[in-house]
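Novice: Attaching a predicted model along with its sequence, questions to come.
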Amino acid sequence: MSAARVGVVTFPGTLDDQDAARAVRLAGAEAVPLWHAERDLKGVDAVFLPGGFSYGDYLRCGAISRFAPLMEEIVPAARAGLPVLGTCNGFQILCEAHLLPGALTRNQGLHYICRDQRIRVESADTAWTAEFERGQEIVLPIKHGEGRYVADAETLETLESEGRVVFRYMGGNPNGSLNDIAGITSEAGNVVGLMPHPEHAVEDLTGAPSVDGRGFFTSILKKLVNA
């Protein structure tokens, strides 16, 4: 059987696409480059929107990227069930594209934060977290200036009551995110966004704080292979 194909999206200003592609390959899947200006998803089985500063973060982080030609293909595909993961700037883009609710705003302390962060898995029921256990604590790098998750009270209540908060910060909230939210999922569980970077925690060779990020990629690979 051919390997599962995971598209890795590159926008102008994306930084982590090569790290993302490597993480996909380490899990045993094929990483397929997807360019923002194209309208072709190339038949991929899942999509990864990695971190960076797409379009220089002008207007708001992800606000321009949501209008990219490729996003016009990703949005309906995600709504139809295509698994999509967005990390950091990718999370911001998913919120701007209304695939996930809420928004990411300036860190509460107004400082850029770069450190290893402990987070707790709140849901193992998504396409990207099935290899984790609920309540498991993992360590992933964070690096962002606009990672404070905000939403109105009704949206927060919906996310909490429906079990759609996927990750929560532990050991101190680094950016002031409401309810300590580090990551959320769509109603169907196929779209996941988080501020920490699993693609930077997949192998010891790079000096990563852990290899906990592997679980994201083995989760989606297992789902795609068993589909």
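Specialist: Nice, I can see it. Numbers count the residues shown, from 1 in each chain.

Novice: what ranges do the helices span in this protein?
Specialist: Taking DSSP state H, the helices of the chain run over residues 17-26, 69-79, 89-96, 153-161, 214-226.

Novice: Generate JSON lines for those helices, with mean pLDDT, distance to Thr126 and mean neighbour count as supplementary columns.
Specialist: In this view, the C-beta of every residue, glycine as well, is placed from N, C-alpha and C. Output for these, formatted as JSON lines (pLDDT from 0 to 100; distance: least, C-beta to C-beta, whole Å; neighbours: other C-beta atoms under 10 Å):
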{"stretch": "helix 17-26", "mean pLDDT": "95", "distance to Thr126": "17", "mean neighbour count": "21"}
{"stretch": "helix 69-79", "mean pLDDT": "96", "distance to Thr126": "13", "mean neighbour count": "17"}
{"stretch": "helix 89-96", "mean pLDDT": "95", "distance to Thr126": "13", "mean neighbour count": "28"}
{"stretch": "helix 153-161", "mean pLDDT": "98", "distance to Thr126": "13", "mean neighbour count": "13"}
{"stretch": "helix 214-226", "mean pLDDT": "92", "distance to Thr126": "8", "mean neighbour count": "20"}
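
Novice: Distance to Ala46 added to these, as a markdown table?
Specialist: Shown next, in a markdown table, are the helices of the chain (distance: least, C-beta to C-beta, whole Å):
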| stretch | distance to Ala46 |
| --- | --- |
| helix 17-26 | 9 |
| helix 69-79 | 10 |
| helix 89-96 | 13 |
| helix 153-161 | 23 |
| helix 214-226 | 5 |
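
Novice: Out of these, the one nearest Leu194 is which?
Specialist: Between Leu194 and those, the tightest spacing by C-beta to C-beta is seen for helix 89-96, at 5.9 Å.

Novice: Please list the residues outside the closest one that contact it.
Specialist: Residues outside helix 89-96 that contact it (C-beta atoms under 8 Å, 6 or more residues apart in numbering): 9, 14, 48-54, 57, 60-63, 65-66, 71, 84, 86, 100-104, 146, 183, 191, 193-195.

Novice: quick check: angle from it to helix 17-26?
Specialist: With axes from the mean of the first three to the mean of the last three C-alpha atoms, to 10 degrees applied, the angle from helix 89-96 to helix 17-26 works out at 100 degrees.

Novice: Helix 89-96 to helix 69-79, inter-axis angle?
Specialist: 70 degrees.

Novice: All good on my end, thank you.
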